[in-house]
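[1] give the three-dimensional model of this entry:
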Amino acid sequence: MGIMKYKMNITMESNRKDKQIKARQRVAQLKGFYVHLTVFVIINLFIITTSMVARINNGENFMEALFTFGTFSTAFFWGIGLAFHAAKTFAYNPFFSKDWEERQIQKYIEEDKREAEKFGGR
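    Numbering: from 1, shown residues only. Have a look, this model is predicted:
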């Protein structure tokens, strides 16, 4: 009885540590994304503002300066990268959902079982 309890305690402690590690990794992912988002906003506000001021000083009116691709090109392309970062951080994947992953895992487990049975294993 004592050995069983000891093994259970080790397993519970291991599970607790695994959960703690996963939680720390998740927090690090979130922190990384929010730092990226903050830098994106600050840098792009600066770029857009300086670009617009320069264009206005070169004779363009406000609307011309605002609706020029060059004004928003950095934000646009960086925003695409930021969107991918967000999708990864928040586990959004329209192509490979958790259900899909679970089905694939089960499929390969079943294939391994069939293969092992074919050769007299397990």
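
[2] please count neighbours and contacts with C-alpha atoms only from this point.
    Noted.

[3] can you list contacts of stretch 37-51?
    Applying CA atoms under 8 Å, 6 or more residues apart in numbering, the external contacts of stretch 37-51 come out as 65, 71-72, 74-75, 78-79, 82.

[4] run the chain-centre distance for it.
    For stretch 37-51, the separation from the chain centroid amounts to 22 Å (computed by CA atoms, centre = their mean, to the nearest Å).

[5] what helix or strand does residue 38 sit in?
    In this structure, residue 38 is located in helix 2-57 according to DSSP states H and E.

[6] average pLDDT across that helix?
    For helix 2-57, mean pLDDT rounds to 88.

[7] after it, which helix or strand is next?
    Sequence order places helix 62-66 as the next helix or strand after helix 2-57, per DSSP H and E.

[8] for the next helix-or-strand element following that following helix, buried residues please.
    Past helix 62-66, further along toward the C-terminus, the next helix or strand under DSSP H and E is helix 69-89. By neighbour count on 16 or more other CA atoms under 10 Å, the buried set for helix 69-89 is 71-72, 75, 79, 82, 85-86, 89.

[9] what is helix 69-89 packed up against?
    helix 2-57 (3 or more CA pairs under 8 Å, 6 or more residues apart in numbering; DSSP states H and E).

[10] distance from the helix it packs on to the middle of the chain?
    Taking CA atoms, centre = their mean, the mean C-alpha location of helix 2-57 is offset from the chain mean by 9 Å.

[11] and it with helix 69-89, angle?
    Put simply, helix 2-57 runs at 170 degrees to helix 69-89, going by axes from the mean of the first three to the mean of the last three CA atoms, to 10 degrees.

[12] on that earlier part again, nearest to residue 19, out of the contacts of stretch 37-51: which one, please.
    When the contacts of stretch 37-51 are compared for distance to residue 19 (CA to CA), residue 82 wins out at 27.7 Å.

[13] what's the pLDDT at the closest one?
    Reading off the model, residue 82 has pLDDT 97.

[14] so what's it up against?
    So residue 82 contacts 36-37 (CA under 8 Å, 6+ apart).

[15] state the distance from it to residue 18.
    Residue 82 sits 29 Å away from residue 18, going by CA to CA, to the nearest Å.
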